[in-house]
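Participant: the following block contains a protein sequence and its predicted model.
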Amino acid sequence: MKLNSNGQRILYELFRQEYQENAPHSEEAHYFELFASTQILKGKDLSDEEVEQGVLGSGNDGGCDSIYTFFNDCNMTEDLVGDLVASKGASIELIIIQAKRETSFSEDAIMKWKTVSQNLLEIGVDDSGYSSRYNEDVLDAFSLFRDLYVKLLRHTPKLSIRYCYATFADEVHPNVRAQADELIELVKKLFPSPKTSVTVEFWDANKLLLAAQTQAERQLSLTLSETPVNIGTHHDYVALVNLGKYFKFISDENGDLRKHIFESNVRDYQGHNSVNQDIQTTLDSDGPEDFWWLNNGITLLTDEAVLATSKELVLTDPAVVNGLQTSNEIFQYYKAHPGKVEGEMRNILVRIIVPESEESRDRIILATNNQTNIPKSSLRANDPIHWQIELFFKGRGLYYDRRKNYYKNQGKKSDEIVSVSFLAQCMISLLLQKPDYARARPSTLLTKDETYDALYSDTQNLDVFYNTAILGKKIEKRLKHSPDYTQAQKNDILFYVLFYSVAKHLNKVAIKSDDVKGLDISIFTDDYIDGIAQDVLSRYVSLGGDGKTAKNPALTELLKSSIITP
C-alpha cells in the first residue's frame, strides 16, 4: 500500500501502533475493521467488546464488515428486541461499515451495498434463500434490524440508515459518489417515509485520523444563572442553570448528545412516553412558570467541582445520574428549535455532588433512581458485590468495567478490561454449566433474580470471580490470536471452550465455586487451550457449525457426555 500524503502516513503509523499493542488480534485486516468501526462509532460510547461484537465474519459479507443497530441510541442485540417496550417518538439507526486498507474508494464496494440492501433490507424477506450468498453473521444482523423495525412500525419510528466507507484514501472519485447517490435513492424507495434518512459517508485518512486523535473530554464547564449555593462542608452545589446553557453543556462540538456523561444513569432514554411528553409540553409552554418550578431537575456526580468564576463550575468526569429523561427532552427540543437557545430565559435546577468514595457514589445512584419504577436488574452493577469485584480485580491487574468505559477512557488495554456482561457470561458457563445460554443472551443474562442470586451471592469468594475472569480473558485472547477460526466461530465457541477446559481438567461436569476458587490458572497453557478449542470446534461443526448451534443446549450436552463423572 503506497501512502502519498502525510495524513495517510500518520494514520497508518497510529493504526500499526494500536495493532501491535493489541496482540490478540491475528490479522491486521481484521483489526483495521475494528479500528475503523471504533472511530466511526466514537460518539456512541460503546465498549471495545460491543464494537467487536458488531464486526462480522469474513467472507460472503456483501460488503458489510460491521453492522450495528441502535434503538434510541442504545446498541441492540437479538435478546433485547423481544422484551423491548416501544413508544412513540422512537428512533432506529442502522450503521453499515466497510473498512479496507486501501488508498482509494472503489465503486465495487458501493455496488455490493446496493445488492445486499435490495436482498436483505426488504421487510418480510425470506433470507433463507441467501444462506449460500451471505454469511450467517450478515443474515442475523439484517434480521435483527428488520425485527426491530417491524416491532416499532406502528409507532412510526424515525429511521436513519448510514453506510460508512473507511479507507486510507485522500479523495473520492466522482463515479464513486454517483454510485453512492444511486444507493441512497434505492434504499429510500424501500423506506419511503419522510422520517427516513439515508446517507453514505466516506471516511478518508484525515477523517479517521481526526476521530482517532479525539479523546473523551474529562473536564466540562457548566455556566450558571446565579452564584451557586455551596452545601455543607464539601464542594457540593445546588444551582440554577439556563436551559439553553444546559443544552450546550450536554451537546458536543458536533451538536450530538454527550452520551458518555450519562453512563452512570441506570435507565436509558424511554422515548416519548407520557412522562416525557409532559416534559415536552412544559418546554413548549409560554406560561409564567419557570421550568424548574415544574421539573425535579438534574443530579450530577463529579470527581471534582471547581468554581472558576462566580457563575461557572468546572466539572471533572461529570455524570448525570438522575434526569436522563429530562436531559434528552431538553436536547431534542433545542435540537429542533436552535433559534430558541440564545434567547432562552428559563432555568433548570441542578444538584452537583462530589462523592467521598465509590461506595458513596453507588448509594447516591441507587437512591436517586429508586424513586421511580426501575427493574431491579437495571441496578445490578451498583450492588456492593460488584464494587468489591472491581477493587479485587484492580489489585491484580484486571479492570472490572462496572462503570462502562471508565477504564477504557483511562487508557487501559481492552484485554485487561472485564465487562459486567463478559464476567456474567463466564460465570454462567462455569457455575451453571450453560455456555449456550451465555452465548444466546449477552445483554439480558442477569435479569432473572434466581440466576443473579446464584452467581453473585454476598458470600461468594472473590477468587472465584477473578479466576473465572482471568481464564475467560486468556481463552478469548488465544482464540483471537489464532488464524484457525473464522470470526463467527471464535464468537460461537468461546464460552464452550471455557466450560470444557475446566470440566476436562476437573473431570466432572458439576463445577462448583470451590472448584473454580482452587484452580491453578497456569495449568491452562496455550497448547491445552488449543487442544480443547479444536475438540469443541469439531463437535460444534458436527451439529451444524453456526449461530443456532452455539445458542442451542445440544452442544453443551454433547460436551458434557464426553466427560467422565466420578
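Facilitator: Okay, I see it. All values reported here derive from a predicted model rather than from experimental measurement.

Participant: show me where the stretch 351-500 of the chain has its strands.
Facilitator: 399-401, 417-419 (DSSP state E, counting those that start in this stretch).

Participant: so what are the sheet partners of the first one and their directions?
Facilitator: Partners of strand 399-401 in the sheet, by DSSP bridges, are strand 417-419 (parallel).

Participant: the strand it pairs with - what's its average pLDDT?
Facilitator: Mean per-residue pLDDT for strand 417-419: 93.

Participant: excluding chain neighbours, what is closest to Phe15?
Facilitator: Once flanking residues are discounted, Phe15 sits nearest to Phe35: 5.7 Å by CB to CB, 6 or more residues apart in numbering. For glycine as for every other residue, the C-beta is placed from the backbone atoms N, C-alpha and C.

Participant: do the same with Tyr12
Facilitator: Distances taken as CB to CB, 6+ apart place Leu3 nearest to Tyr12, at 5.8 Å, with adjacent residues excluded.

Participant: from Leu283, how far off is the residue nearest to Ile40 when sequence neighbours are not counted?
Facilitator: Spatial nearest neighbour of Ile40, chain neighbours left out: Cys164 (5.0 Å); criterion: CB to CB, 6+ apart. In this structure, Cys164 and Leu283 are 33 Å apart, going by CB to CB, to the nearest Å.

Participant: what's next to the helix or strand Leu307 falls within, contact-wise?
Facilitator: In the assignment (DSSP states H and E), Leu307 maps to strand 304-309. Applying CB atoms under 8 Å, 6 or more residues apart in numbering, the external contacts of strand 304-309 come out as 221, 228, 235-237, 313-316, 352, 354.

Participant: switch to 7 Å and redo it
Facilitator: For strand 304-309, the external contacting residues (CB atoms under 7 Å, 6 or more residues apart in numbering) are 235, 237, 313-316, 352, 354.

Participant: just the C-alphas of it, formatted as CSV.
Facilitator: These are the backbone C-alpha positions of strand 304-309, laid out as CSV (Å, rounded to 0.1, in the frame of the first residue of the first chain):
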residue,chain,number,x,y,z
GLU,A,304,-14.2,17.4,41.3
ALA,A,305,-16.2,20.7,41.1
VAL,A,306,-14.2,23.9,40.9
LEU,A,307,-15.8,27.3,41.0
ALA,A,308,-13.8,29.0,38.2
THR,A,309,-15.9,32.2,38.4
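
Participant: now for Gly63, how many residues are close by?
Facilitator: By other CB atoms under 10 Å, the residues close to Gly63 number 21.

Participant: per-residue confidence for the nearest residue to it once chain neighbours are set aside?
Facilitator: Counting by CB to CB, 6+ apart, Lys112 is the residue found nearest to Gly63 once chain neighbours are left out, at 3.1 Å. Reading off the confidence values, Lys112 has pLDDT 97.

Participant: element containing Lys112?
Facilitator: Using DSSP H and E, Lys112 maps to helix 107-120.

Participant: next secondary structure after that helix?
Facilitator: Per DSSP H and E, the first helix or strand lying C-terminal to helix 107-120 is helix 136-152.

Participant: how about that next one: buried residues?
Facilitator: By neighbour count with 16 or more other CB atoms under 10 Å, helix 136-152 contains the buried residues 136-142, 144-149, 151-152.

Participant: from those residues, which is closest to Leu294?
Facilitator: Closest approach between those and Leu294, by CB to CB: Leu152, at 29.8 Å.

Participant: pretty sure the closest one is touching Ala90, no?
Facilitator: Yes: the criterion here is CB atoms under 7 Å, and Leu152 meets it with Ala90 at 5.3 Å.

Participant: Asp520: neighbour count?
Facilitator: 8.

Participant: mind listing what Leu11 touches?
Facilitator: Applying CB under 7 Å, 6+ apart, one finds that Leu11 lies in contact with 168, 205, 208-209.

Participant: need these in TSV (columns: secondary structure, pLDDT and distance to Gly531).
Facilitator: Shown next, in TSV, are these (DSSP: H, G, I helix; E, B strand; the rest coil; pLDDT from 0 to 100; distance: CB to CB, whole Å):
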residue	secondary structure	pLDDT	distance to Gly531
Phe168	coil	96	39
Ala205	helix	95	43
Leu208	helix	96	40
Leu209	helix	94	42
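
Participant: which pair in those spans the largest distance?
Facilitator: Greatest spatial distance among these (CB to CB): Phe168 and Leu209, at 9.9 Å.

Participant: so for the two, which residue has more residues nearby?
Facilitator: Under the criterion of other CB under 10 Å, the comparison of Phe168 against Leu209 puts Phe168 first, with 25 against 20.

Participant: so that one versus Arg396, what's the distance?
Facilitator: In this view, Phe168 and Arg396 are 39 Å apart by CB to CB.

Participant: also Asn242?
Facilitator: Counting by CB to CB - Asn242 and Arg396 are separated by 47 Å.

Participant: got the CA coordinates for stretch 248-266 in PDB?
Facilitator: The C-alpha trace of stretch 248-266 is given here as PDB (Å, rounded to 0.1, in the frame of the first residue of the first chain):
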ATOM      1  CA  LYS A 248     -24.800  23.400  25.300                       C
ATOM      2  CA  PHE A 249     -23.400  21.500  28.300                       C
ATOM      3  CA  ILE A 250     -24.800  18.200  27.200                       C
ATOM      4  CA  SER A 251     -24.000  18.700  23.500                       C
ATOM      5  CA  ASP A 252     -20.600  18.000  21.900                       C
ATOM      6  CA  GLU A 253     -18.800  20.100  19.300                       C
ATOM      7  CA  ASN A 254     -20.700  18.300  16.500                       C
ATOM      8  CA  GLY A 255     -24.100  19.100  18.100                       C
ATOM      9  CA  ASP A 256     -24.600  15.500  19.200                       C
ATOM     10  CA  LEU A 257     -25.600  14.400  22.700                       C
ATOM     11  CA  ARG A 258     -22.600  13.800  25.000                       C
ATOM     12  CA  LYS A 259     -23.600  10.200  25.700                       C
ATOM     13  CA  HIS A 260     -20.600   9.400  27.900                       C
ATOM     14  CA  ILE A 261     -21.900  11.800  30.700                       C
ATOM     15  CA  PHE A 262     -25.000   9.600  31.100                       C
ATOM     16  CA  GLU A 263     -23.100   6.300  31.600                       C
ATOM     17  CA  SER A 264     -23.900   6.100  35.300                       C
ATOM     18  CA  ASN A 265     -27.600   6.500  34.800                       C
ATOM     19  CA  VAL A 266     -29.200   3.100  35.200                       C
END
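
Participant: can you pull the phi/psi pair for the residue lying closest to His260 once chain neighbours are set aside?
Facilitator: Leaving out its chain neighbours, the residue that sits closest to His260 by CB to CB, 6+ apart is Asp45, at 4.6 Å. Asp45 adopts backbone torsions of phi 60, psi 40, taken as degrees, to the nearest 10.

Participant: no more questions from me, cheers.
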